[in-house]
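Asker: coordinates for the following, if possible.
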Amino acid sequence: MPTVRRPDLDSAKWALFNEAFARVAARSGSRSLAAHDLEQKLISGALPSAVRILRNGEEERKLLPRTFWHKGMLLDRTMGPGVQVRLAGPVTGSWYFFVRRAALDQFYPESIPTHVSHEKPPRRRTGPINKHDWHTIDGEIARRCIDKSGRLNVPDNENKIAEAVASQLACDGLDAPEMSHLREAVRRVCAVLRRDR
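Answerer: Numbering: from 1, shown residues only. Down below sits the predicted model:
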């Protein structure tokens, strides 16, 4: 009498049923369609399956023939993440179903390709690419033009502002522009703030 090979149900080779159902549902977009599609793959034998049964403190593992799925029936659970299997006849113990991971990956890969758009990508703006976060730099400049009472008070020494901003950017881990560019930014921001005083 030939011996039936006992599957090791290693997670690298086998996936739990609920993982398989989640993948199929992600592809089909419908839980009831997913249950139907999964059942058809099992009945056809395209998706090999196995079961682990825990009963009275003992464990049984076996590969399932595709004819098993003619008797078993998948039930979509509307609540919860997985699917249930209704078995014919009396059932004892806890049954855990698995599918072969290689076949699951073949039919239902983990990464679902995203929709490919045939529209042209937006045009890249012309001119040089900003290497520095100028909005942050402008904010740091303006912050140094507010006194402790919260009033606008633009200092006369713009070089001190530029040095303070460069120091703050370094502390924040941001690249500071060349000092000549930073001084020009300070000059422009301070000019606008002085004009509105």
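Asker: rounded mean pLDDT for the longest helix seen in the chain, please.
Answerer: Assignment by DSSP state H gives helix 179-195 as the longest helix of the chain. Average pLDDT, helix 179-195: 89.
Asker: tell me which residues in that helix are buried?
Answerer: 182-183, 185-186, 189-190, 193 (16 or more other C-beta atoms under 10 Å). Yep, even glycine has a C-beta here, placed from its N, CA and C like the rest.
Asker: what do you get for stretch 132-152?
Answerer: For stretch 132-152, by 16+ other C-beta under 10 Å, it's 132, 137-138, 140-142, 144-145.
Asker: neighbouring contacts of it?
Answerer: Under the criterion C-beta atoms under 8 Å, 6 or more residues apart in numbering, residues 153-155, 161, 164-165, 168-169, 174-177, 182, 185-186, 189-190, 193, 196-197 lie in contact with stretch 132-152.
Asker: at 6 Å what do you get?
Answerer: Residues outside stretch 132-152 that contact it (C-beta atoms under 6 Å, 6 or more residues apart in numbering) are 153-154, 161, 164-165, 168, 177, 185-186, 189, 193.
Asker: farthest-separated two in the buried residues of stretch 132-152?
Answerer: Spatially, the most separated pair among the buried residues of stretch 132-152 is His132 and Cys145, at 19.7 Å (C-beta to C-beta).
Asker: on that earlier part again, from the contacts of stretch 132-152, which two are the most distant?
Answerer: Asn153 and Pro177 (24.8 Å).
Asker: the two - which one has more neighbours?
Answerer: The neighbour count for Asn153 versus Pro177, taken as other C-beta atoms under 10 Å, is higher for Pro177 (20 against 13).
Asker: distance of the residue nearest to the more buried one when sequence neighbours are not counted from Arg66?
Answerer: Spatially, and ignoring its direct neighbours in sequence, Pro177 is nearest to His132 (4.8 Å; C-beta to C-beta, 6 or more residues apart in numbering). According to C-beta to C-beta, to the nearest Å, His132 and Arg66 sit 64 Å apart.
Asker: noted, bye for now.
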